[in-house]
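# Dropping a prediction and its sequence here:
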Amino acid sequence: MTLEERIENSKTSIFKAVFPNTTNHYDTLFGGTAMHLMDEVAFITATRFSRQIMVTVSSDRIDFKKPIPAGTIVELIGKVKHVGNTSLKVNVEIYIEQMYAEGRELAVHGDFTFVAIDENKKPVQVIK
Ligand SMILES: CCCCCCCCCCCCCCCC(=O)SCCNC(=O)CCNC(=O)[C@H](O)C(C)(C)COP(=O)(O)OP(=O)(O)OC[C@H]1O[C@@H](n2cnc3c(N)ncnc32)[C@H](O)[C@@H]1OP(=O)(O)O
């Protein structure tokens, strides 16, 4: 399989309904909850790409462009954007969908970097 095919195959989506237990006093999704979900989808993407033990080493700037209201559906999409020596970078986007209308809009995006580690927790080469 080519690198491009592996990247495409490891693209990962998670859908969530935004229920009130995940929202703040503005009735929108907590930023920290959004980041938790982003780390999770990025981790799954990195793991599905490499099938190696991966740990988060860094998150780049995360832009919250639109509030995510309670009562909507969100889709998180993770995609590998760069493969280094022992690390790889995953881009994550969160889209908002209304429950009872078509259409979606990009609300949040950011990048997460993971390092492949061995049984001694030391960095190892990402298998390309
Ligand atoms: C029951 C219900 C439960 C529900 C529950 C749900 C939970 C749902 C959440 C799921 C979420 C899952 C997420 C799991 C993943 C963790 O949670 S992992 C836990 C958090 N992460 C850690 O603890 C990692 C701690 N850090 C380390 O152990 C070490 O720094 C590492 C990662 C082994 C790297 O070691 P190092 O000696 O610093 O490595 P070094 O050789 O300098 O660099 C290695 C590579 O990393 C890159 N790098 C290093 N630092 C950086 C940096 N700051 N920025 C970018 N790249 C960097 C280097 O450039 C290098 O890249 P390559 O050129 O080789 O490609």
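That came in fine, so what should we check first?
# just so I have it, where are all the helices in this protein?
Here the chain has its helices, by DSSP state H, at 3-10, 31-50.
# Can you give me the buried ones in the last one?
Along helix 31-50, the positions that meet the burial threshold by neighbour count (16 or more other CB atoms under 10 Å) are 33-35, 37-39, 41-50. Backbone N, C-alpha and C define where each C-beta goes, glycine included.
# Where does the protein get nearest to the ligand, which residue?
Closest approach between the chain and the ligand, counting by CB to the nearest ligand atom: G84, at 2.5 Å.
# I'd say that residue and V126 touch.
Yes. Assessed by CB atoms under 8 Å, G84 is found in contact with V126 at 7.0 Å.
# who's more crowded, the two?
V126 (20 against 13; other CB atoms under 10 Å).
# where does the chain dip in pLDDT?
Within the chain, no range satisfies pLDDT under 70.
# Close to the ligand: what parts of it are there?
Contact residues (CB under 6 Å from any ligand atom) of the chain with the ligand: 36, 39-40, 43, 55-58, 84-87, 113, 115, 117, 121, 123.
# Select from those residues every entry located in strands.
If you go by DSSP state E, those have 55-58, 87, 113, 115 in strands.
# Among those residues, name the buried ones.
For these, a neighbour count by 16+ other CB under 10 Å gives the buried set as 87, 113, 115.
# Closest one of those to E97?
T113 (28.2 Å; CB to CB).
# For the closest residue to A107 other than its chain neighbours, give me the backbone phi and psi.
Nearest in space to A107, with sequence neighbours left out and distances taken as CB to CB, 6 or more residues apart in numbering, is K66 at 4.2 Å. Backbone dihedrals for K66, given as degrees, to the nearest 10, come out at phi -140, psi 140.
# likewise the one 5 residues further on?
Recorded main-chain torsions at G71 are phi 90, psi 10, according to degrees, to the nearest 10.
# follow-up on the earlier one: take the ones in strands among the residues of the chain next to the ligand and lay them out in TSV including distance to E4.
Output for those, formatted as TSV (distance: CB to CB, whole Å):
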residue	distance to E4
V55	25
T56	24
V57	24
S58	24
S87	19
T113	20
V115	22
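# right, and out of those, which lies closest to H25?
Closest to H25 out of these is T56 (28.7 Å), distances taken as CB to CB.
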